[in-house]
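Participant: build me a structure from this.
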Amino acid sequence: MKIGLGTVQFGIDYGISNHNGKTPLDEVEKILDVAMRNGISVIDTAALYGTSEEVLGKTLPECHRFKIVTKTPRFTSSAITSDDVRRLEDSFFQSLHKMKCAAIYGLLFHNADDLLSENGHILFNKMTDLKQKGLVEKIGVSVYTALQIDEILGKFQIDIIQLPINVFDQHLLVSGHLSKLKKRGVEIHVRSAFLQGLLLMSSETLPPFFDSVREHLKDYQRTIHQHGLTLVRAALGFLINIPDIDFIICGVNNHTQLKEICREAVPVESIDFSRFALSDGEILNPSNWRL
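Facilitator: Model prediction:
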């Protein structure tokens, strides 16, 4: 199963189309049950996702086989210090404690610029130390841009990268960075499959910030429906068609949504998705949205 489970909704209110807030504990248990039954192997969380790690610690079955990936805290200093290294280590052990795990599959830099800061290599050295001690199997980074990928590959040997790709945001696919990463043996986790739900929303209900892409979204959705597809199947099918992607991280608010995602996660080869790619960074990066 190429789908991975995102858990940001377990810890905070998240997503432009999420009107239900944080996912309750009993619903999280149902989501994890659906994940296990459908062969989902990767769970993605982060120290910065509110109470997400604590929720996983309370709801993960005792003998689960999930590969858990979490992330570092955010470092605000322009130059990394020994205090930051201690903070990374403390945060990692807190994550293990919260999730009741002796070791995990992956640890990523939540903010790629932390790794690229002055003395960022001492943070990477600490991650490598945790890996050598068998506390984490793979280490890596979450990125937004091609420039970040180029700079990181020039300085560090990473095992995993998490990056955004979806029907509207194809820049790392077109630039050849997916192929470049795969040739370096990097495991690729894709986030933002639905662009925080934007791809699934009616164009009529979009906030004014999205006026510049309202007609584009309408055209995209009309095309999908003309091919007899659901919007979920189209968004996932586009990504499943890309062989270099190892896992597609999808966050959900309830188990019904995850069932739908598992059912709809099949290749879609009947549509030329390239014509729906956008280049407006204000739209493609949700951290730039002014809502």
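Participant: which stretches of the stretch 1-150 of the chain form helices?
Facilitator: 8-11, 25-37, 52-59, 82-99, 112-115, 120-132, 146-155 (DSSP state H, counting those that start in this stretch).
Participant: wait, the stretch 151-291 of the chain
Facilitator: Under DSSP H, counting those that start in this stretch, the stretch 151-291 of the chain gives helices at 171-174, 177-183, 214-226, 231-240, 255-264, 281-284.
Participant: pipe the ones you listed into CSV and attach mean neighbour count per row.
Facilitator: C-beta here means a position set from N, CA and C on the backbone, and glycine is covered the same way. Shown next, in CSV, are the helices of the stretch 151-291 of the chain (neighbours: other C-beta atoms under 10 Å):
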stretch, mean neighbour count
helix 171-174, 18
helix 177-183, 17
helix 214-226, 15
helix 231-240, 22
helix 255-264, 18
helix 281-284, 16
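Participant: right, and those - which one's nearest E53?
Facilitator: helix 255-264 (19.3 Å; C-beta to C-beta).
Participant: which strands and helices lie in contact with that closest one?
Facilitator: Contact here means 3 or more C-beta pairs under 8 Å, 6 or more residues apart in numbering; DSSP states H and E; on that basis helix 255-264 packs against strand 3-6, helix 25-37, helix 231-240.
Participant: ok, and the closest non-adjacent residue to the spatially most central residue of the chain?
Facilitator: Nearest to the geometric centre of the chain sits R191, at 3.3 Å (C-alpha atoms, centre = their mean). In space, R191 comes closest to I249 once its chain neighbours are excluded; the distance is 4.8 Å by C-beta to C-beta, 6 or more residues apart in numbering.
Participant: one more: G237?
Facilitator: G237 sits nearest to V268 (C-beta to C-beta, 6+ apart), 2.7 Å away.
Participant: for that neighbour, give me its contacts.
Facilitator: L229, R233, A234, L236, G237, F238, I240, N241 (C-beta atoms under 8 Å, 6 or more residues apart in numbering).
Participant: what residue in this protein is the furthest from its centre?
Facilitator: Distance-from-mean max, the chain, by C-alpha atoms, centre = their mean: Q226 at 29.4 Å.
Participant: what about that residue, distance to D219?
Facilitator: Distance of Q226 to D219, given as C-beta to C-beta, to the nearest Å: 11 Å.
Participant: so which of the helices and strands packed on helix 255-264 comes closest to L88?
Facilitator: strand 3-6 (22.3 Å).
Participant: now do the closest one: which elements does it pack against?
Facilitator: helix 25-37, strand 42-44, strand 247-251, helix 255-264.
Participant: I'd like the ones you listed laid out as JSON lines, including mean pLDDT and distance to T51.
Facilitator: Shown next, in JSON lines, are the helices and strands packed on strand 3-6 (pLDDT from 0 to 100; distance: least, C-beta to C-beta, whole Å):
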{"stretch": "helix 25-37", "mean pLDDT": "97", "distance to T51": "10"}
{"stretch": "strand 42-44", "mean pLDDT": "98", "distance to T51": "15"}
{"stretch": "strand 247-251", "mean pLDDT": "97", "distance to T51": "15"}
{"stretch": "helix 255-264", "mean pLDDT": "96", "distance to T51": "19"}
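Participant: reformat the ones you listed as TSV; add distance to G4.
Facilitator: Shown next, in TSV, are the helices and strands packed on strand 3-6 (distance: least, C-beta to C-beta, whole Å):
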stretch	distance to G4
helix 25-37	9
strand 42-44	4
strand 247-251	4
helix 255-264	11
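Participant: looking at the ones you listed, which is nearest to A79?
Facilitator: The nearest among the helices and strands packed on strand 3-6, by C-beta to C-beta, is strand 42-44 at 29.2 Å.
Participant: and the closest one, how far out from the chain middle?
Facilitator: 9 Å (C-alpha atoms, centre = their mean, to the nearest Å).
Participant: poorly predicted segments of this protein, please.
Facilitator: Counting by pLDDT under 70, the chain has low-confidence residues at 14-19.
Participant: what's the local residue count around G185?
Facilitator: For G185, the tally of surrounding residues (other C-beta atoms under 10 Å) stands at 9.
Participant: check the gap between the spatially closest residue to E89 that is not a sequence neighbour and A103 for me.
Facilitator: Leaving aside its sequence neighbours, E89 sits nearest to K126 (C-beta to C-beta, 6+ apart; 5.9 Å). For K126, the distance to A103 equals 16 Å [C-beta to C-beta].
Participant: do F109 as well
Facilitator: 19 Å.
Participant: who has more neighbours, these two?
Facilitator: Legend: neighbour count by other C-beta under 10 Å for F109 and A103, higher for F109 (28 against 12).
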